[in-house]
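Q: Could you look at this predicted model? Sequence included:
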Protein chains: 2
Amino acid sequence: MKLLVISWGDFERWRETKYRFGEESSVGPSTLPILQKAIKPDWTVIVLSDTLGRDFSSIEALREDVKSRVMDFLERIGAGREVDVLIVPGIGHFAHGTFKGGAMDTYYYLLHGISQILPPKGDLDVHFDSTHGLNYITLLAYRALKELLGIAAITNKVTFTAYNSDPLVPDITKELTINVIEAGEVKPLPLFEPLPPNTKDYLGNFSLQGEDYGNVLQSLKKLREIRDQRGRLNAWISSVVNGLPLVFTSAFPEMEIVSGAVEELADVYTRAVEVSPGSVERKLSLGRGFGALVKLSFQAKVLEMDRLPKEELSMEELVEISERIFRGRVLASTKTELDRLAKSVKLDTNGWIRYSELLRLLGKNPNSQVDDRNFLAHAGLEANLIEVKREGELYVRYTKENVKYGGAMKEPWKVIETILTRTLEG
Amino acid sequence: MKLLVISWGDFERWRETKYRFGEESSVGPSTLPILQKAIKPDWTVIVLSDTLGRDFSSIEALREDVKSRVMDFLERIGAGREVDVLIVPGIGHFAHGTFKGGAMDTYYYLLHGISQILPPKGDLDVHFDSTHGLNYITLLAYRALKELLGIAAITNKVTFTAYNSDPLVPDITKELTINVIEAGEVKPLPLFEPLPPNTKDYLGNFSLQGEDYGNVLQSLKKLREIRDQRGRLNAWISSVVNGLPLVFTSAFPEMEIVSGAVEELADVYTRAVEVSPGSVERKLSLGRGFGALVKLSFQAKVLEMDRLPKEELSMEELVEISERIFRGRVLASTKTELDRLAKSVKLDTNGWIRYSELLRLLGKNPNSQVDDRNFLAHAGLEANLIEVKREGELYVRYTKENVKYGGAMKEPWKVIETILTRTLEG
């Protein structure tokens, strides 16, 4: 899919200019028509600040005002209408009104907005025009977009091209060339941050009364589910980076819970935007936990497969998943570990057996307790933690029995979560 | 070290404004004094476009003109003078002159300029202000800076904070707040791209005659040395990502050759800038090979240690290097491989012996040829490729004898280079 993302400022004030892009040229107030003509995107996303809005009857009305004026403008300049208009929170004092709120809202809002538009499956050819944007919104749109593309690139081919036109100089400019300022393939870059423990890191307080803010935090039911599963979700985040296929499948996030929490936070944030004549105040602010959840949700969509989560897998399935997600050293080491495991269990096992027990029956001497390095080095297939079953094919799963870790008996998933949360904090 | 990097546009036209940052406030045309007061950076870098220059007697005079005007401005606004002024190539047609050249020069020039300023050793606390910059220069400065910081973070703690003030609205603005728009720790992100094979990918042709361009390419003697070592350098780049400690030490780049080639390219590029009254034309353009070399040079400075390159190492040295550079799964797997190797060579060996031969003497059955997966999975310590020597301590080195690979006998480093170049092309 070919996508064009452009960052715009106050579009109604732009002057007519002649733009040139390769062989094409066009006259108008914006680079959009010529970019659409040359790039032929399947879809265009226009990023704009809500500080352009003049209808202060509600936050929806404010956004709708900007959107309808953009649509009129697109009509006027003859641009394609296969467009999403992403109206993001801006701040500042203008002649028509004052906009207050957290300065990082823009980035988190963009991350969420773009993650809803980018298709998680399939190759992506993304074009980004920074010509007309406000400085900080353009910078944050670029950052949000590139981060999501790094996640999409885990399993898809992703290319990225950025454009900027020559600077407009009043009374001097006759023609502006649109220049390519960045071009290349996007490297896979999975999410590599843990979900934070505190609710206030997901939704911060900009200007609510302390008690009201406390009530808001209390009301976040879906976020509570996320916090209950935080260790498991962090283990999953780590499994993608560290090449742990059985953790990947067993701890695969339940999509509805993750997306549900993202939408809950976005809704509560929006409902706390107070709009009155000439004034917008965003009383809550979006935080890094919200950003991590948005990326987690997008990454789960990118890596989603039939029948996940799944706790009992054949060797063949584990190899297939590893080849799809991991690469380089991590993939090579993981496949070597899978081979080694398969070779060590030659005979049918008559049901599930703890792998450490089987090794002892075979006269070997496995570690008596789980240690962090062993767990990672063996691709998560540590002898105390897994059970194996051979019925022709070899199957593997994590045990539900307690295991020894740090000298004490502990629940197996508590052990896995402890080890893997630590890898994200490094 | 605390560093402040700011991107500026046409500073002589800025109006006096009251800026507020946390508890501090100050009146003036720029955010710099208040940022310096609040952040207390050890050093400040100001990024500016050379299109601000008005002295067209030479490229040096053009840059010096901008620089001396910046210095006057700093004096006027009472800013600290612990400053580098980085004057980068811009393009456009202005009342005072026309600036032509490759649109990506700005990014590569910034990458080089910032790499010369950032200290490669020691923790970094970097602050970036995008308030006053031109859109595309700010975006490219942000990108170049973040990429270099990801490399510095391999061994140093690196934090990054970005700022942008409220937008200035003529006749309305009374006070502008400086907002934090990004804050956090920078994750390690080693260079992950190969050096390209073709000279024209290092230095492109913008507007030279074909023959003159050919002569320029011919004249690049230091780049030729790089191209001769390209396979080895790509292997080194891969060793950092894939956790291959003996490749890391054996193929460690010779700093003078890499920096020499970077400086040669930068010099030839600058000498091909044609300056005449009202006109600047950069007849050569910087390319992705130049960018990769700059990052390689910076990464080598970050990871430099006493006595590198080094081809024969003790287990203890390999463990120490691995713990310094690698992390997570890659570190765990590497340490497990080093342990396994150390345990398998128990007795003194009476000199160097190929490890595959030793394994055979011990009654084992190693692979008869090198394969890619084995090489990676064993942290580069593949049995056919390494020689071991135990004299109390265990030492290891790559063999100089030919090894079997893909069914034929090949030079060992050709094999390593082939395998590892492939990991960067994924």
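A: Looks like it came in fine.

Q: Neighbours of residue A:193, how many?
A: 18 (other C-beta atoms under 10 Å in any protein chain shown). C-beta here means a position set from N, CA and C on the backbone, and glycine is covered the same way.

Q: correct me, but it touches residue A:424?
A: Yes - using C-beta atoms under 8 Å, residue A:193 is in contact with residue A:424, at 6.4 Å.

Q: Identify the contacts common to those two.
A: residue A:237 (C-beta atoms under 8 Å, 6 or more residues apart in numbering or on different chains).

Q: Remind me which helix or strand the residue in the stretch 151-300 of chain A that chain B sits nearest to belongs to.
A: Here the stretch 151-300 of chain A gets closest to chain B at one residue, residue A:179, 3.3 Å apart by C-beta to the nearest C-beta. Using DSSP states H and E, residue A:179 maps to strand A:176-185.

Q: Which residues of the stretch 301-426 of chain A lie near chain B?
A: A:327-330, A:332-333, A:335-336, A:372-377, A:379, A:423, A:426 (C-beta under 8 Å from any C-beta of the partner chain).

Q: Could you list which residues are in contact with residue A:127?
A: Residue A:127 touches A:2-5, A:35, A:39, A:41, A:160-163, counting by C-beta under 8 Å, 6+ apart.

Q: any idea how far the nearest residue to residue A:410 once chain neighbours are set aside lies from residue B:302?
A: Nearest residue to residue A:410, sequence neighbours excluded (C-beta to C-beta, 6 or more residues apart in numbering or on different chains): residue A:402, at 6.0 Å. The gap separating residue A:402 from residue B:302 is 44 Å, by C-beta to C-beta, to the nearest Å.

Q: more crowded one of the two?
A: residue B:302 (21 against 14).

Q: For the nearest residue to that one once chain neighbours are set aside, which three-state class applies?
A: Closest residue to residue B:302 apart from its sequence neighbours, by C-beta to C-beta, 6+ apart: residue B:120 at 4.4 Å. At residue B:120 the chain is in coil, as set by DSSP: H, G, I helix; E, B strand; the rest coil.

Q: What about the residues of the stretch 301-426 of chain A next to chain B, which are in helices?
A: Using DSSP state H, the subset of these located in helices is A:328-330, A:332-333, A:335-336, A:372-377, A:423.

Q: Of those, grab the buried ones for PyMOL.
A: Here is the PyMOL selection string for the buried members of these, based on 16 or more other C-beta atoms under 10 Å in any protein chain shown:
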select buried, chain A and resi 328+329+330+332+333+335+336+372+374+375+376+377+423
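
Q: Distance to residue B:287 and pLDDT added to the ones in helices among the residues of the stretch 301-426 of chain A next to chain B, as CSV?
A: Below are those laid out as CSV (distance: C-beta to C-beta, whole Å; pLDDT from 0 to 100):
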residue, distance to residue B:287, pLDDT
A:328, 26, 96
A:329, 29, 97
A:330, 31, 98
A:332, 32, 98
A:333, 35, 98
A:335, 36, 98
A:336, 38, 97
A:372, 44, 97
A:373, 42, 97
A:374, 46, 97
A:375, 44, 98
A:376, 39, 98
A:377, 40, 98
A:423, 37, 96
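
Q: just the strands in the stretch 1-150 of chain A please.
A: A:2-7, A:17-21, A:24-28, A:43-49, A:83-88, A:92-94, A:97-100, A:124-129 (DSSP state E, counting those that start in this stretch).

Q: Export the ones you listed to TSV and append columns for mean pLDDT.
A: Formatted as TSV, the strands of the stretch 1-150 of chain A follow (pLDDT from 0 to 100):
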stretch	mean pLDDT
strand A:2-7	97
strand A:17-21	94
strand A:24-28	92
strand A:43-49	97
strand A:83-88	96
strand A:92-94	95
strand A:97-100	97
strand A:124-129	98
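
Q: and the spatially most central residue of chain A, what element?
A: In chain A, the residue lying closest to the centroid (C-alpha atoms, centre = their mean) is residue A:295, at 2.0 Å. Element membership for residue A:295, per DSSP H and E: helix A:288-303.

Q: Report the backbone C-alpha coordinates of that helix in CSV.
A: Extracted C-alpha coordinates of helix A:288-303, given in CSV (Å, rounded to 0.1, in the frame of the first residue of the first chain):
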residue,chain,number,x,y,z
ARG,A,288,4.2,7.3,28.0
GLY,A,289,2.1,4.3,29.2
PHE,A,290,-0.5,5.3,26.6
GLY,A,291,2.2,5.5,24.0
ALA,A,292,3.6,2.0,24.9
LEU,A,293,0.0,0.5,24.8
VAL,A,294,-0.6,2.0,21.4
LYS,A,295,2.6,0.5,20.0
LEU,A,296,1.9,-2.8,21.7
SER,A,297,-1.6,-2.9,20.2
PHE,A,298,-0.1,-2.1,16.7
GLN,A,299,2.7,-4.6,17.1
ALA,A,300,0.2,-7.3,18.1
LYS,A,301,-1.8,-6.5,14.9
VAL,A,302,1.3,-6.7,12.8
LEU,A,303,2.3,-10.1,14.3
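
Q: my hunch is that residue A:395 is in a helix, does that hold up?
A: No - read with three-state DSSP, residue A:395 is strand and lies in no helix.

Q: Can you tell me how far the residue of chain A positioned farthest from its centre is from chain B?
A: Largest separation from the mean C-alpha position in chain A: residue A:363, at 46.8 Å (C-alpha atoms, centre = their mean). Here residue A:363 is placed at a distance of 18 Å from chain B (C-beta to the nearest C-beta, to the nearest Å).

Q: Assign that residue to helix, strand or coil.
A: Under three-state DSSP, residue A:363 comes out as coil.

Q: ok, now how distant is it from residue A:344?
A: Residue A:363 is 12 Å from residue A:344, by C-beta to C-beta.

Q: Mind listing the shared neighbours of the two?
A: In contact with both residue A:363 and residue A:344: no residue, using C-beta under 8 Å, 6+ apart.

Q: show me the contacts for residue A:174.
A: A:18, B:93.

Q: And it, its phi and psi?
A: phi -110, psi -40 (degrees, to the nearest 10).

Q: Next, count neighbours for residue A:408.
A: Neighbours of residue A:408 (other C-beta under 10 Å): 9.

Q: Domain-wise, how is chain A divided?
A: Annotated domains of chain A cover A:2-185, A:199-303, A:313-425 [automatic domain parsing].

Q: Including distance to residue B:59, could those domains go into JSON lines?
A: Shown next, in JSON lines, are the domains of chain A (distance: least, C-beta to C-beta, whole Å):
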{"stretch": "domain A:2-185", "distance to residue B:59": "20"}
{"stretch": "domain A:199-303", "distance to residue B:59": "43"}
{"stretch": "domain A:313-425", "distance to residue B:59": "42"}
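
Q: who wins for proximity to residue B:211 among these?
A: domain A:2-185 (26.3 Å; C-beta to C-beta).

Q: can you give me the offset of the closest one from its chain's centre?
A: Relative to its chain's centre, domain A:2-185 lies at 20 Å (C-alpha atoms, centre = their mean, to the nearest Å).

Q: same question, stretch A:211-218
A: On C-alpha atoms, centre = their mean, the centre of stretch A:211-218 falls 27 Å from the chain's centre.

Q: And the helices in the stretch 201-350 of chain A, which stretches?
A: A:210-219, A:221-228, A:230-242, A:245-250, A:255-271, A:288-303, A:315-325, A:328-344 (DSSP state H, counting those that start in this stretch).
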